[in-house]
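[1] any chance you can model this:
(2 chains)
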Amino acid sequence: MGIRRAAEYMTGAAIALSVTAGTALAAAATEAAPAVEAATGGYVPMKPTPGIGMPTEGAIGFQQQFSEVGHDGQFMHNWVLMPIITLITVLVLGLLLFVMIRYRAGANPNPSRTSHNTLIEVIWTLVPVLVLVVIAVPSMKLLAKQYETAPKEALTVKVTGYQWYWGYTYPDNGGFEVISNMLPDDEAIANGEPAQLAVDKRMVVPAGEKIRIQTIGADVIHSFAIPSLWYKLDAVPGRINEKVLEIEKPGVYYGQCMELCGVRHGYMPIAIEALPRDKFEQWVLEQPGGSIGDPEENADETAAADAEAEDAAEATDAAEPAETGEAAATAA
Amino acid sequence: MATTAPESFPVHEDAHHDAHADHKPAFFQRWFMSTNHKDIGTLYLIFSIFAAIIGGGISGIMRFELQEPGIQYLTWWAEFLGNPAGDFDSALHLWNVLITAHGLIMVFFVVMPAMIGGFANWFVPIMIGAPDMAFPRMNNISFWLTFMGFCSLMMSAFMPGGTGMGAGTGWTVYAPLSTTGSPGPAVDFGIFALHLAGAGSIMGAINFITTIFNMRAPGMTLHKMPLFVWSVLVTAFLLLLALPVLAAAITMLLTDRNFQTTFFTPEGGGDPVLYQHLFWFFGHPEVYIMILPGFGIISQIISTFSRKPVFGYLGMAYAMVAIGVVGFIVWAHHMYTVGLSVNEKMYFTAATMVIAVPTGVKIFSWIATMWGGSLRFTSPMIWALGFIFLFTVGGVTGVVLANGSIDDNLHDSYYVVAHFHYVLSLGAVTAMFAGWYYWFPKMFGVWHSEFLSKLQFAIFFVGVNLVFFPMHFLGMNGMSRRYPDYNPAFELWNWVATRGYEIMAISIAVFFANIIYAIVVRKKAEGNYWGEGATTLEWTLSSPPPFHQFETLPVIDDKAGAH
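    Now for the predicted structure:
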């Protein structure tokens, strides 16, 4: 995680925006595009599975998790925290009810004058400390895990929060930016997608490997949050936040902006489509300026789209895509 | 006067003494230029109830908007409040104005005025055996600054704030949404409101600290003070140390907005996250400012109606001190997702969980106070028992959220909304009602209806739990805070919450009915109407107390149980 000069990044983003904005508009103009692409064997947006990667009707618990930290977090919550807090609440409620019945004025007309008991005071100070230690140990382990950095060759996706849409830039793949706007409810439902959560262009990533997500805010603070991946990272103007994302299997995962960012804060959802590596590469190649493979070649091809020297350096470090999957698998 | 010989001036004659004590100034002088701590306390309480009607009404607008997916009423409300007809963005802006106003009103103009301005003003001087506050005139300024702050906040709702009328920044006023993101004077007026209310509170804090340190009656040592006074003393220190940081932060916002400084603007070398650090350095102690006086009130009530002194008095007092001190070093748990380093996050996770220890001491000591006692279930006692349970529920979800690793999912979700409403809306407000019914006859000299008070509790308890418990589910299921619209999967629990709001609203109607009952029936209250068990100094006075009490200072003897 590092803080870099905002202005530098902004310039890069602005160029990327100017390149991709046109194509985004073009795509929006032809809504029937998916069907055409399907005919030619190209990328077709995946249909989401109901109840997967999205909220479920009337649920009382977490969404099903699709990342390792998600499983760990859910386990920690359901099997460490929930039993402890339930026990504490029941204990307090039980004690309250007991004293209310046992020591009501009718049953106990003469109150005792006891107002000190050092032993019991020490006990109810130390026992909570022990309980907290029991919570803190797995909590710290999980925190450390959430902060593991991505391997050098991991794919980088830059997530930019705009008022009020998301931009996904792929610096390792030619530096194109996908501009992602919310779909109106009727279109979302017609597509078989959840209302309020569907977008016109998804963030597409490979499944089963570690991805380096970097977030930044273009105007105000946004927050890149996907509940089913146990993932939330603020997009703050002037600094780049970085955190690993690993999605276990292909699918569509929905999220929303979770930091108040102005009028349409509630209308900039996130949709991540995780695909097998080969399908992901196919998608990349269909993007304007998208490329896979020799990083130097990439740098030449996409010089206009990606002016940042840093990104070129990162791309140089990237290993062959086929190996990336293996590396991630070993790391995991 | 100067010509009157001292011996001929009958100040020691009892009849005259009492008459003098009850000599009240004329109406305008008494209520608009007041220097009497009890009158100022009453003003604060009336003001707080008035602000609560507005703040609670706003939550009603929000709750009904949220009862089903889609935008139902917002556009109508936006138009009603003077925005151009049919402008969807100004309707959405209104949503942000509502969440902002609800938060600011409830924090700065309902809970703080009621707890510190109202109950503490009324009872701290009496409980320590002082005739009044140390700086009576400053006490008056505190109130009117708070009042003017409220006016400024109300005015901001009718000023341009960018996409619509009013400040739509959230009560946290995060930059850059509050700087470059919100053109127009609305946010400036909101900031001005915080400055005024903050200045008022700082003066109040100075007043309380001075009063408690210097004006205790003979024999009233610090370790004999009632726990309510302890709670106010700790709260006053928190106010004194935290509010200037807020004042600095929002002043920087003002200069960023109006004078081209760039404290929080990255293009000029500033950092938006700096604002969050400053805000929460104030903001976290602020939540203890709201709840600590409640702890004090609950301690008095539990002790009174158990007819027992508080169990572990010193532990209780120093638990509050500990909560106050630790409260200053946990602020970044409000910022877990902002991009903290792993070490910062681990530290703040550990430090935050530490607060559960002194809080646990308080909960267990309340129960131990009742243990072996002779419990009478009067209305304040029932509210206090409700407080202990509801605060426990809010407290344990705080332990969940303290974990940075879990907060990665729950941050800024409805789970957080549920958590802080359990400790504030259900904790602090329940403590306020408990204090209200405990002291109502003392303050106004006439009885409320015990039946209506208990009825109000029953309805309130059901209502608020229906409003806020389902919000835990919504948050875990992924519903974000501060959204006017949502995916239909969230509809069920939102619908339940709105029904809960309706039930809660009925309990508030019962509250007002109870006040009307007191005014109409005018059943006189004795000096110590709670009888045996009520041992603090306010019970040695008449109800209501004389206009000036303790012209002869009470002397606290050494016998145990003064607290």
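[2] on the three-state scheme, A:K249 is what?
    Look at A:K249: counting by DSSP: H, G, I helix; E, B strand; the rest coil, its state is coil.
[3] without its sequence neighbours, what residue ends up closest to it?
    Closest residue to A:K249 apart from its sequence neighbours, by Cβ to Cβ, 6 or more residues apart in numbering or on different chains: A:A207 at 5.5 Å. All C-beta atoms are positioned from the backbone trio N, CA, C, and that covers glycine.
[4] for that neighbour, give me the backbone phi and psi.
    phi -90, psi 160 (degrees, to the nearest 10).
[5] contacts only, for it.
    A:A207 makes contact with A:247-251, A:274-276, A:280, according to Cβ atoms under 8 Å, 6 or more residues apart in numbering or on different chains.
[6] just the buried ones from those?
    A:247-248, A:250-251, A:274-275, A:280 (16 or more other Cβ atoms under 10 Å in any protein chain shown).
[7] tell me which two in those residues are the farthest apart.
    Spatial extent of the buried ones among the contacts of A:A207 (Cβ to Cβ) is set by the pair A:E248 and A:F280 at 14.8 Å.
[8] and the residue positioned nearest the centre of chain A, how far from A:G70?
    Closest to where the C-alpha atoms of chain A average out (Cα atoms, centre = their mean) is A:Y231, at 3.4 Å. Separation of A:Y231 from A:G70 (Cβ to Cβ, to the nearest Å): 8 Å.
[9] what do you get for B:I61?
    36 Å.
[10] which one of the two has more residues nearby?
    Between B:I61 and A:G70, A:G70 has the larger neighbour count (other Cβ atoms under 10 Å in any protein chain shown), namely 24 against 16.
[11] what values do phi and psi take at that one?
    Here A:G70 shows phi and psi, under degrees, to the nearest 10, equal to phi -70, psi -50.
[12] need the nearest residue in space to it, chain neighbours excluded.
    A:W230 (3.6 Å).
[13] need the contact list for that neighbour.
    Counting by Cβ under 8 Å, 6+ apart, A:W230 has contacts A:65, A:67, A:69-70, A:73-74, B:408-409.
[14] mind running it again at 7 Å?
    By Cβ atoms under 7 Å, 6 or more residues apart in numbering or on different chains, the contact list for A:W230 reads A:65, A:67, A:69-70, A:73, B:408-409.
[15] kindly report the same for B:Y44.
    B:Y44 sits next to B:113-114, B:117-118, B:121, B:143 when contact means Cβ under 7 Å, 6+ apart.
[16] one more pass at 8 Å, please.
    Taking Cβ under 8 Å, 6+ apart, one finds B:113-114, B:117-118, B:121, B:143, B:146 in contact with B:Y44.
[17] and A:F224, by the same measure?
    A:159, A:161, A:166, A:213, A:215, A:231-235, A:255, A:257, A:270.
[18] try it again with 6 Å
    Taking Cβ atoms under 6 Å, 6 or more residues apart in numbering or on different chains, we find A:F224 in contact with A:159, A:215, A:233, A:235.
[19] could you do B:V234 as well?
    Neighbours of B:V234 in contact, by Cβ under 6 Å, 6+ apart: B:292, B:320-321, B:324.
[20] state the mean pLDDT of the helix or strand containing it.
    B:V234 is part of helix B:227-258, with elements assigned from DSSP states H and E. For helix B:227-258, mean pLDDT is 97.
[21] again with stretch B:552-563
    68.
[22] and for stretch B:416-428?
    Averaging pLDDT along stretch B:416-428 yields 94.
[23] quote the end-to-end distance of that stretch.
    Distance between the boundary residues of stretch B:416-428 (Cα to Cα, to the nearest Å) amounts to 16 Å.
[24] now swap in stretch B:543-553 and tell me
    One end of stretch B:543-553 sits 18 Å from the other (Cα to Cα).
[25] buried ones in it?
    Neighbour count says stretch B:543-553 has B:543-546, B:548-550 buried, by 16+ other Cβ under 10 Å.
[26] can you check stretch B:302-315 too?
    Quick answer for stretch B:302-315 (16+ other Cβ under 10 Å): B:302-313, B:315.
[27] stretch B:314-323 now?
    So, applying 16+ other Cβ under 10 Å, buried residues of stretch B:314-323: B:315-320, B:322-323.
[28] any bit of it sitting next to chain A?
    Yes - using Cβ under 6 Å from any Cβ of the partner chain, stretch B:314-323 reaches chain A at B:G315.
[29] would you point out the helix or strand in chain B whose mean pLDDT is lowest?
    Least confident element among the helices and strands of chain B, by mean pLDDT, DSSP states H and E: helix B:14-21 (a mean of 47).
[30] low-confidence stretches in the stretch 151-300 of chain A?
    A:294-300 (pLDDT under 70).
[31] following whichever strand or helix holds A:T89, which helix or strand comes up?
    Using DSSP H and E, A:T89 falls within helix A:82-102. Next along the chain after helix A:82-102, taking DSSP H and E as the criterion, comes helix A:118-146.
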